[in-house]
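> Okay, here's the prediction I keep looking at, along with the sequence it came from:
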Amino acid sequence: MYAYDFRHDLNLLDIRWTGLFTPEIATRYARELVDAFRRSGFRPGYRLRIDMSDIAVQPREAIMTVHECLRDFPRASRIAMINRSAIGRQQIARLMTQPYLRVFDRAEDSLAWLTASEEVAA
């Protein structure tokens with residue numbers, strides 16, 4: 001359903017969603033992610049990438065659970081979402097309004113943007 005990797009070499013939290021969440025799975029995901037973040041040594045200002053390319057959208061109840069459970073999650077300096085679906089992109093735009101967020105079709109493009117210097121990424 002999901003996997004995450006704390007890539008210390010890039011200061012990048014790399015997350016991949018591969019299945020549809022239920023509210024119960026969303027709660028477990030959020031709890032595990034918060035615990036892993038605390039253990040990781042990461043601090044606010046890290047880079048975040050969420051790859052949703054294997055799914056179009058999440059069920060509304062599940063995504064609202066994730067949104068609510070992670071509302072106080074430490075802030076990233078850049079967020080890249082990977083989603084090729086028009087409906088998926090609409091869901092992202094509705095819930096994630098950060099000006100430092102970009103949506104990409106390809107993982108390679110997202111990583112290039114996340115790791116670019118501040119001048120290039122702007």
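The structure has been received and is ready for your questions.
> Touching stretch 100-119 from outside, list them.
Defining contact as CB atoms under 8 Å, 6 or more residues apart in numbering, one finds that stretch 100-119 is touched by 10, 12, 47, 49, 51, 53, 76-84, 89, 92-93, 121. Any C-beta I mention is one placed from the backbone N, CA and C, and that applies to glycine too.
> I meant to write stretch 54-69 there.
16-23, 25-27, 29-31, 34, 83, 85, 87-88, 91, 95.
> cool, and stretch 30-38?
With CB under 8 Å, 6+ apart, stretch 30-38 has contacts from 4, 6, 13, 15, 65-66, 69-70, 73-74.
> Need the nearest residue in space to H8, chain neighbours excluded.
G41 (7.6 Å; CB to CB, 6 or more residues apart in numbering).
> and the two most separated of the contacts of stretch 30-38?
By the measure CB to CB, F6 and T65 form the most distant pair in the contacts of stretch 30-38, at 22.8 Å.
> higher neighbour count, these two?
T65 (21 against 16; other CB atoms under 10 Å).
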